[in-house]
Structures are given as C-alpha cells and as structure tokens.
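Visitor: coordinates for the following, if possible.
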Amino acid sequence: FITVNGLTITLKGADENQTINLNVTKDTQAVYDMVKKFVTSYNEIIKEMNNLYYASSSRGYDPLTDEQKEAMTEDEITKWETKIKDSILRRDSTLGSLLDTMKLSRMTHVEYEVKKYSLASFGIQTSEDYSEKGLLHIFGDSDDSGYATYENKLMKAIEDDPDAVAEVLAGISKKLYDEMYQKMKSIPNVRSALTFYNDK
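Guide: Numbering: from 1, shown residues only. Model prediction:
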C-alpha cells in the first residue's frame with residue numbers, strides 16, 4: 001500500500017525494470033453535476049409550491065351536492081372537484097412562509113477563509129424574469145439556453161477551489177435545512193410523519 005494525500009494505492013505486483021506513471025485528476029464534472037442536480041430539485045419544489053400558492057381562485061366552485069352531481073356527467077364532476085382541489089392552498093399563509101424561507105435561503109452568505117460567498121459567487125442566480133418566481137439558474141450551463149453564453153463561474157470555482165465550493169454549499173444547505181425544520185416544527189397539529197427531515 002502507498003498513501004499519498006489521502007489516496008491509497010494498492011500495488012498488485014512489482015517489476016524493478018518497469019516504470020509506472022500514475023496520473024490523478026479531480027472529477028470536476030461529477031461535482032458540477034451534483035450541484036446541478038440540487039438546483040434542478042430545488043426548482044422542481046419551488047415550481048410545485050408556486051403552483052399551489054398562486055393557483056387560480058375557485059370562487060363560485062362550492063362543493064357539489066348529491067342533487068347537483070346527479071345532473072352532471074362524471075367528467076363535469078371531476079373538472080369541478082379538481083378546480084376546488086387545485087386552489088385549496090391558494091394564498092395559504094403557512095405555504096407562503098415556507099416559500100419565503102426557501103427563496104431567502106438562496107441569499108445566504110457563508111464565510112470561508114475570511115471571504116464571504118453566496119450562490120451568486122458561483123453564478124447560481126435567479127433570472128430577471130419575475131414570472132419565474134424565484135427559480136435558480138446556473139449561469140454558463142450548456143443545458144440552460146437562456147444563460148448558456150454566460151461565464152460558467154461554478155465550473156471554474158470547482159476547478160480552482162473545490163473545498164471552498166463544498167464548504168459554501170454545505171453551509172447554505174444547512175441553513176436552509178435548519179430554517180425549514182423550524183418552520184415545519186412550528187406548524188400546529190403536524191405529526192412526526194409530516195415533519196421536515198434532512199435527506200442527504
């Protein structure tokens with residue numbers, strides 16, 4: 001066994017007449033893809049919460065009586081009841097509070113080696129399009145057509161100082177988790193099955 005900088009190499013055989021060169025490179029793409037997956041998951045959650053919170057009003061769509069149902073087709077009943085269900089969390093104060101917490105967490109600053117970093121330091125930002133309601137973009141990512149031409153600060157940061165990227169993202173994630181946990185814990189009548197867990 002040979003251990004160098006935390007990397008352990010197992011030698012299976014030796015030949016003193018043969019020179020073996022070993023090159024080790026950082027897998028920056030794997031780290032980048034992991035961050036990208038987090039951003040994608042974050043955006044999916046924000047979209048779902050936005051859809052529920054900003055749902056169209058169901059004013060005038062009261063629950064149907066048995067008599068009303070008898071006068072309607074199954075398809076009409078389904079559409080009517082779906083309209084009510086889709087708007088059940090419209091402007092809900094608890095959901096709004098959770099949304100605000102998630103959106104504010106992306107502005108968190110984390111100190112690493114006396115310098116402050118945020119998601120924006122790595123080019124992870126919201127767009128200027130207000131209708132997106134807080135979705136994140138990785139500026140310079142080739143899969144994001146709106147921002148592919150920008151400098152890819154995230155990839156550069158991972159290549160230059162992966163430890164800083166890891167520390168900052170871990171700090172931001174921890175703050176998000178802590179704040180979401182406190183918000184969920186404060187909701188009355190919520191049993192343990194519905195509280196917030198740290199899904200690593």
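Visitor: use CA for all of it now, contacts and neighbours both
Guide: Will do.
Visitor: now do stretch 27-37: everything it contacts.
Guide: 138, 154-155, 158-159 (CA atoms under 8 Å, 6 or more residues apart in numbering).
Visitor: low-confidence stretches in the protein?
Guide: Within the chain, the segments meeting pLDDT under 70 span 1, 4-7, 23-25, 187-200.
Visitor: assign a three-state SS to Lys116, would you?
Guide: Classification of Lys116 using DSSP: H, G, I helix; E, B strand; the rest coil returns strand.
Visitor: so it touches Val110, yeah?
Guide: Yes: Lys116 is within contact range of Val110, at 5.5 Å (criterion: CA atoms under 8 Å).
Visitor: tell me the buried residues in stretch 126-140?
Guide: Neighbour counts using 16 or more other CA atoms under 10 Å place 126-127, 134-140 of stretch 126-140 among the buried residues.
Visitor: can you put those in TSV and add secondary structure and distance to Phe38?
Guide: Conversion of those to TSV gives the following (DSSP: H, G, I helix; E, B strand; the rest coil; distance: CA to CA, whole Å):
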residue	secondary structure	distance to Phe38
Thr126	strand	15
Ser127	coil	17
Gly134	coil	15
Leu135	coil	12
Leu136	strand	10
His137	strand	11
Ile138	strand	11
Phe139	coil	15
Gly140	coil	16
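Visitor: before we move on, the earlier item: between Lys116 and Val110, tell me which one has more neighbours.
Guide: Using other CA atoms under 10 Å as the criterion, Lys116 and Val110 rank with Val110 on top: 20 against 12.
Visitor: who is that one paired with across the strands?
Guide: For Val110, the beta-bridge partners are Tyr117 (DSSP bridges).
Visitor: one step back: and the two most separated of the buried residues of stretch 126-140?
Guide: Spatial extent of these (CA to CA) is set by the pair Gly134 and Gly140 at 18.2 Å.
Visitor: helix, strand or coil for the spatially most central residue of the chain?
Guide: By CA atoms, centre = their mean, the mean C-alpha position of the chain lies nearest to Tyr42, the distance being 2.0 Å. At Tyr42 the chain is in helix, as set by three-state DSSP.
Visitor: who's in contact with it?
Guide: Taking CA under 8 Å, 6+ apart, we find Tyr42 in contact with Leu136.
Visitor: what separation do you get for it and Gly134?
Guide: Distance, Tyr42 to Gly134, by CA to CA, to the nearest Å: 10 Å.
Visitor: before we move on, what about Met184?
Guide: Per CA to CA, Met184 is found 21 Å from Gly134.
Visitor: who's in contact with His137?
Guide: Neighbour list for His137: 39, 123-127, 144, 147 [criterion: CA under 8 Å, 6+ apart].
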